[in-house]
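Asks: Pasting a predicted model and its sequence here:
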Amino acid sequence: MRDDIERALKGHDADYIEVRVEESQATRISYRGKELEDIGRTGAIGGNARALVKGGWGFVSGLGSGPPPTGEYFPRQGAGVSAS
């Protein structure tokens, strides 16, 4: 995952970028009386990224898997972003 994050951050024209990723897993076992009714495992991954570009902040968050979507939301070098 670290390689995915580093690849997503390359080439951005930002003064500061911060990425946070959280992964969780849970196991459940359900009994009805003495009989096993259900057993299973679930997992989730999510995160967020924020960037400071020429005095303006951008923020994106999401759930799922794969690298953070910074390439879709934060400007690349030479993109001509102006602060509003």
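Replies: Nice, thanks for sending it over.
Asks: Heading C-terminal from the helix or strand hosting Ala8, find the next helix or strand.
Replies: According to DSSP states H and E, Ala8 maps onto helix 2-9. As assigned by DSSP H and E, the chain's next helix or strand after helix 2-9 is strand 16-32.
Asks: Strand partners (parallel or antiparallel) of that next one?
Replies: Paired strands of strand 16-32, with direction, are strand 35-53 (antiparallel) (DSSP bridges).
Asks: so the next helix or strand after the strand it pairs with versus strand 35-53, what angle?
Replies: Moving toward the C-terminus from strand 35-53, the next helix or strand (DSSP H and E) is strand 56-63. Using axes from the mean of the first three to the mean of the last three Cα atoms, to 10 degrees, the inter-axis angle of strand 56-63 relative to strand 35-53 is 160 degrees.
Asks: let's have the chain start at 750 instead
Replies: Sure thing, new numbering starts at 750, so read that last one as strand 805-812.
Asks: which parts of strand 805-812 are buried?
Replies: Gly807, Val809 (16 or more other Cβ atoms under 10 Å). Every residue, glycine included, has its C-beta placed from N, CA and C.
Asks: so who does Ala793 touch?
Replies: Residues near Ala793 by Cβ atoms under 8 Å, 6 or more residues apart in numbering: Glu772, Ser773, Leu812.
Asks: Could you check the pLDDT of Asp753?
Replies: Looking at Asp753, its pLDDT is 75.
Asks: how deep is it tucked in, by neighbour count?
Replies: Counted with other Cβ atoms under 10 Å, residues neighbouring Asp753 total 13.
Asks: and it, how far is that from Lys783?
Replies: 46 Å (Cβ to Cβ, to the nearest Å).
Asks: Check Gly792 too.
Replies: Distance from Gly792 to Lys783, by Cβ to Cβ: 29 Å.
Asks: neighbour count winner among these two?
Replies: Legend: neighbour count by other Cβ under 10 Å for Gly792 and Lys783, higher for Gly792 (10 against 5).
Asks: residue contacts, the more buried one?
Replies: Glu772, Ser773, Gln774, Ala775.
Asks: Cool, thanks, signing off.
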